[in-house]
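**Q** Provided below are the primary sequence and the corresponding predicted coordinates.
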Amino acid sequence: MKSIFSRTLWIALLALFSFASFNAQAHGYTLGKLKIHHPWARATVAGQPSGGGFLRIDNSGEADRLISAEADVSKAVELHSMSMDGEVMRMRKLDNGIELPAGQTVELKPGNLHIMFIELKAPLKEGSKFPLHLKFEKAGEIDVEVQVEAVGAAPMHH
């Protein structure tokens, strides 16, 4: 009887820690009909002047627009697009924000749409977190927590 109890306890603890670990990786926020999934940034090295922020937004409501982002980790925060023109990388500030079509998902990810942290005050350290304030045209404003991941981290799909 004791071994069954011990085994059940170990399985329960393992499940609990697995769930806790998953929750630490997959964090999300809801603002009206917008669901904001896993805000993250890549770690930066000393002297690197800027960094990128990424997240996924599911819009189950009317069309909206991400119009700005603010964070204390840098002197400025801008919404950007990035594309390749042959072998030339083209980075462009999006003065009109990022469109969020009704019923669509928009992913801000490396090599595409992203949040640019310009003139970082200090390197973004892997494992750290920082607050980010997002402002939407219709849904309003929300504060989210950005997790800093490895330098070469790829998007997580949660």
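**A** Ah, there it is.
**Q** in contact with the most centrally placed residue in the chain, which residues?
**A** Centroid check for the chain by Cα atoms, centre = their mean gives residue 39 as the closest residue, at 1.8 Å. Residue 39 is in contact with 27, 29, 53-55, 132, 144-147, counting by Cβ atoms under 8 Å, 6 or more residues apart in numbering. Bear in mind the C-beta positions are built from the backbone N, C-alpha and C, glycine included.
**Q** try residue 150
**A** Taking Cβ under 8 Å, 6+ apart as the criterion, residue 150 is in contact with 42-43, 126.
**Q** nearest to residue 104, of those?
**A** When these are compared for distance to residue 104 (Cβ to Cβ), residue 42 wins out at 25.2 Å.
**Q** give me the neighbour count for that closest one.
**A** If you count neighbours by other Cβ atoms under 10 Å, residue 42 ends up with 20.
**Q** now swap in residue 70 and tell me
**A** Neighbours of residue 70 (other Cβ under 10 Å): 15.
**Q** residues contacting the residue nearest to it when sequence neighbours are not counted?
**A** Leaving aside its sequence neighbours, residue 70 sits nearest to residue 133 (Cβ to Cβ, 6 or more residues apart in numbering; 4.3 Å). Residues counted as contacts of residue 133 (Cβ under 8 Å, 6+ apart) are 69-71, 141-143.
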